[in-house]
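Undergrad: Below are the sequence and a predicted model; questions follow.
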Amino acid sequence: MKSKNNLNLNINRFKTPKGYFDKITIDDINKIELGDFKVPENYFETININLITKTNYISKIINFKYSKHALSGIAAALIVGLFINVFFTDTITFNKSEIIDYMSYELVGYSSSEYVELFEVNEFEINFDHINDNDFDYFIETSFSDDQNLNN
Amino acid sequence: MENESKFIAKLKNKESQNKSFEILLSKYKEPIYWHIRKIVLDHDDAHDVLQNTFIKVFKAINGFKEQSKLYTWIYRIATNESLNFIKSKAKKHFKTSEEIMIAQTNKLKEDPYFDGDELQIKLQELINTLPVKQKLVFQMKYEQEMKFKDISEILGTSEGALKASYHIAVKKIKKEIIKIQTF
């Protein structure tokens, strides 16, 4: 006699009539208009290649500006770090958190959140544990391109 | 538009790139704008996302492998950019994406670029309470009347799963609309 445990549970026993999902509409509740979304007058005429490239150019300048600040901050930190290392090695010791606090609030003038702003939000959104093939493809397709194209 | 492969080659070629990109913009700016607008709802937000989308298209065209149609690839970028935009906005305001979208729907009443009665605003509210995939498939099928095959390419989901999602979304919305109409 066959035991219940011999049932193959991998077979999908629930089926729908052929083309069932294709016939689903909500026409029977009278198609409701979704409201009228509008745009400012002549809006689409303002969307041209200059607007796209100009926007990107501005963002590049801002990034450069931030990069300059970041580099100055890092350079200052290195100089002071060297100074501390050479002159105070034997006399003063700091623990890690004291150094971080000092650099964050006194020396460099950047808080951790300001440093975070130096990077694009997207760079922090990659979670490799949950990433799927589509997300990965999208990230590869859209994140590693040749910026020089914009200037030509 | 001419043969798509030839057109893509022109988009990749530095000499013909700008002119070809202008053609691409003139063809797609309106449909892509409306696709984005239906996701983010606000005109200014849609404008920002539209720019980001075409910048990404422009930057990434050399990496486009032509495994999908050009227009589904652009829609895919627009969809991802819209969802990322909402996520970023939510993070900035310490809210969830759903909370942001509900707040955005509530603003529609005062939005000078939206004309709609109570029922239409309620419908937008219902759409925005759907899970993301159901919301997207509902908007693309019901509002934009796209084919499941194209939606499948854009969202990277099988047609079967999309049809099921659409079915569930329609059922939920239908149930709520009937409730509203009977009161």
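TA: Yep, it's here. Numbering: from 1, shown residues only, chains lettered A, B, ... in the order given.
Undergrad: Taking chain B, what residue is nearest to chain A?
TA: Proximity of chain B to chain A (C-beta to the nearest C-beta) peaks at B:G116, 2.7 Å away. All C-beta spots, glycine's among them, are computed from the backbone N, C-alpha and C.
Undergrad: Touching, that residue and B:L108? I think so.
TA: Yes - with contact defined as C-beta atoms under 8 Å, B:G116 counts as touching B:L108 (6.7 Å).
Undergrad: Domain ranges for chain B, per the record?
TA: B:1-115, B:117-183 (automatic domain parsing).
Undergrad: Include mean neighbour count and distance to A:L82 when you put those into a markdown table, please.
TA: Listed next are the domains of chain B as a markdown table, based on neighbours: other C-beta atoms under 10 Å in any protein chain shown; distance: least, C-beta to C-beta, whole Å:
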| stretch | mean neighbour count | distance to A:L82 |
| --- | --- | --- |
| domain B:1-115 | 17 | 37 |
| domain B:117-183 | 17 | 51 |
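Undergrad: Of all the ones you listed, which one is nearest A:I47?
TA: Among the domains of chain B, domain B:1-115 comes nearest to A:I47, with 4.8 Å by C-beta to C-beta.
Undergrad: Return the mean pLDDT over that closest one, rounded to an integer.
TA: Per-residue pLDDT values across domain B:1-115 average out to 89.
Undergrad: What of stretch A:78-92?
TA: The model assigns stretch A:78-92 a mean pLDDT of 66.
Undergrad: for chain A, what helix or strand is lowest in average pLDDT?
TA: helix A:112-117 (a mean of 57; mean pLDDT, DSSP states H and E).
Undergrad: State the distance from the residue of chain B closest to chain A to B:S5.
TA: Going from B:G116 to B:S5 by C-beta to C-beta, to the nearest Å gives 42 Å.
Undergrad: can you give me the strands in chain B?
TA: B:114-115 (DSSP state E).
Undergrad: Go through stretch A:73-80 and flag the buried ones.
TA: Buried residues in stretch A:73-80, counted by 16 or more other C-beta atoms under 10 Å in any protein chain shown: A:G73, A:A77.
Undergrad: Extract the C-alpha set from that stretch and format it as PDB.
TA: C-alpha atoms of stretch A:73-80 as PDB (Å, rounded to 0.1, in the frame of the first residue of the first chain):
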ATOM      1  CA  GLY A  73      40.500  67.700   4.900                       C
ATOM      2  CA  ILE A  74      42.300  64.400   4.400                       C
ATOM      3  CA  ALA A  75      45.600  66.300   3.800                       C
ATOM      4  CA  ALA A  76      45.100  68.300   7.000                       C
ATOM      5  CA  ALA A  77      44.400  65.100   8.900                       C
ATOM      6  CA  LEU A  78      47.500  63.400   7.600                       C
ATOM      7  CA  ILE A  79      49.700  66.400   8.400                       C
ATOM      8  CA  VAL A  80      48.400  66.600  12.000                       C
END
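Undergrad: For chain A, give me the ranges with low pLDDT.
TA: Applying pLDDT under 70 to chain A flags the ranges A:1-35, A:53-71, A:83-92, A:99-133, A:135-136, A:139-152.
Undergrad: Which residue comes closest to B:E66 once chain neighbours are left out?
TA: B:I8 (6.3 Å; C-beta to C-beta, 6 or more residues apart in numbering or on different chains).
Undergrad: List the residues that contact the one you found.
TA: B:I61, B:F64, B:E66, B:L70 (C-beta atoms under 8 Å, 6 or more residues apart in numbering or on different chains).
Undergrad: Wait, the third one touches B:N3, no?
TA: So that's B:E66. No - B:E66 is beyond contact range of B:N3, at 12.0 Å (criterion: C-beta under 8 Å).
Undergrad: who touches B:S82 in this structure?
TA: B:S82 touches B:H35, B:I36, B:I39, B:V40, B:V49, counting by C-beta under 8 Å, 6+ apart.
Undergrad: can you do 7 Å?
TA: Taking C-beta atoms under 7 Å, 6 or more residues apart in numbering or on different chains, we find B:S82 in contact with B:I36, B:I39, B:V40, B:V49.
Undergrad: Redo these as CSV? Include distance to B:N84.
TA: CSV is the format used below for the contacts of B:S82 (distance: C-beta to C-beta, whole Å):
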residue, distance to B:N84
B:I36, 12
B:I39, 11
B:V40, 11
B:V49, 9
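Undergrad: Could you dump those into CSV with distance to chain A added?
TA: Formatted as CSV, the contacts of B:S82 follow (distance: C-beta to the nearest C-beta, whole Å):
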residue, distance to chain A
B:I36, 11
B:I39, 11
B:V40, 11
B:V49, 12
